[in-house]
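Asker: Sequence and predicted structure, then a few things I'm wondering about:
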Number of protein chains: 2
Amino acid sequence: MGLSSLLWAIWYILPAYVANGSPVLVGGGRPIDGGRTWRDGKRLLGDGKTWRGFFGGVLFGTLTGLIQYFLTPGFYGSLKIALELAFLLSLGALLGDLIGSFFKRRANLPRGAPAIGLDQLGFLLSALAFAYPVKTLPSGQLLFVLIVTPFIHWGANYFAYRMGWKSVPW
Amino acid sequence: MGLSSLLWAIWYILPAYVANGSPVLVGGGRPIDGGRTWRDGKRLLGDGKTWRGFFGGVLFGTLTGLIQYFLTPGFYGSLKIALELAFLLSLGALLGDLIGSFFKRRANLPRGAPAIGLDQLGFLLSALAFAYPVKTLPSGQLLFVLIVTPFIHWGANYFAYRMGWKSVPW
């Protein structure tokens, strides 16, 4: 694998990153679980997961795909594929994040507490699985994205923390 | 993807599972870090990572590949590839586990504390990356293994806990 195939792998996954990151900026509002609890008496998802964050993330992630198509149409083949891919990557990323929150609440981790690995890879695996039927990456590039994402994730969160957008550096 | 391609994906990764699981049975002895600490004053890896567990894991994982070759020679093509693959999957799994322990100690998690995601996926991504040059899986099967492994991991650890082989159910 050359450098360019590694950059294309990051380009492929970019809508998932945007969808995963944008709730930090556009989030807030009513929690998705509406305050409901699971049978263990703990919150289903917690106050950190809101409808505005979810739909904002899907919207910004899908718009990322629109911009990407106009920059590199050849990578996608058609606008339809670019938008479908970006939508599925974004929806998968945000649903994966919700599933992760569900497991974190069950493990009794408070809102915002880190789960090393789940936080960095849960959204990504879900995004890759949702997008798989439309367009996927060869396995070498897939492994590269999975191994490099935790480090990009930590860097991005530390940056957001230093900018005052997040209250914790993870 | 049919059922058989999913079963082949599990067959492919089996040596990594065996390597990751066998220290529970053959572990103990001198810790790899020899009691040394990192600059944060905490243990480099902790008492849970021992030379015996490491070499035992590589040995049992590689032997798994030997047995696999005699059961399904066509999947590997040659004994050399089967052994190389099993050795790299095992070595990658155990090194990934050590890297995970290093990060867990830096995050101030005590020995044996769970890190949801890292525990289930760190060893696996490392194994897949080490084995990649010898033999890899198509991306659909790769994603399947990555998504199903955390559940297999939880099930196996819960079983080991109920059998009295582990002191904690994760």
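Answerer: Yes, it's here.
Asker: and residue A:30, what does it touch?
Answerer: By C-beta atoms under 8 Å, 6 or more residues apart in numbering or on different chains, the contact set of residue A:30 is A:50-52. C-beta: built from backbone N, CA, C; applies to glycine.
Asker: Identify those among the residues you listed that sit within helices.
Answerer: Applying DSSP state H to these, the entries found in helices are A:51-52.
Asker: Among the contacts of residue A:30, which one lies nearest to chain B?
Answerer: residue A:50 (22.2 Å; C-beta to the nearest C-beta).
Asker: Could you list every helix and strand that the longest helix along chain A packs against?
Answerer: Counting residues, the longest helix found in chain A (DSSP H) is helix A:79-106. Applying 3 or more C-beta pairs under 8 Å, 6 or more residues apart in numbering or on different chains; DSSP states H and E, we find helix A:79-106 packed against helix A:3-21, helix A:51-71, helix A:73-76, helix A:118-131.
Asker: Go through that helix and flag the buried ones.
Answerer: A:82-102, A:104-105 (16 or more other C-beta atoms under 10 Å in any protein chain shown).
Asker: Write out the residues of chain A neighbouring chain B.
Answerer: A:100, A:103-104, A:107, A:114-122, A:125, A:128-129, A:132, A:136-140, A:142-143, A:146-147 (C-beta under 8 Å from any C-beta of the partner chain).
Asker: Buried ones among those?
Answerer: A:100, A:104, A:114-122, A:125, A:128-129, A:132, A:136-137, A:139-140, A:142-143, A:146-147.
Asker: Please tell me how far the residue most central in space within chain A sits from residue B:111.
Answerer: Closest residue to the average C-alpha location of chain A: residue A:20 at 3.0 Å, with C-alpha atoms, centre = their mean. To residue B:111, residue A:20 is 31 Å away according to C-beta to C-beta, to the nearest Å.
Asker: Please apply the same query to residue A:13.
Answerer: For residue A:13, the distance to residue B:111 - C-beta to C-beta - is 34 Å.
Asker: With residue A:14 instead?
Answerer: Distance check for residue A:14 against residue B:111: by C-beta to C-beta, it reads 38 Å.
Asker: what do you get for residue A:42?
Answerer: From residue A:42 to residue B:111 the distance is 26 Å (C-beta to C-beta).
Asker: With residue A:67 instead?
Answerer: 47 Å.
Asker: Check the residue of chain A found nearest chain B and give its pLDDT.
Answerer: The nearest approach of chain A to chain B comes at residue A:117, 2.6 Å away (C-beta to the nearest C-beta). The score at residue A:117 is 80. That number is its pLDDT.
Asker: Which strands and helices lie in contact with the helix or strand bottoming out on mean pLDDT in chain A?
Answerer: Within chain A, confidence by mean pLDDT, DSSP states H and E is lowest for helix A:23-26 among all helices and strands, at a mean of 82. Judged by 3+ C-beta pairs under 8 Å, 6+ apart, the packing partners of helix A:23-26 are helix A:51-71.
Asker: what sits up against the helix it packs on?
Answerer: With C-beta under 8 Å, 6+ apart as the test, helix A:51-71 has contacts from A:11, A:14-16, A:18-20, A:22-23, A:26-32, A:75-76, A:79, A:82-83, A:85-87, A:89-91, A:93-94, A:98.
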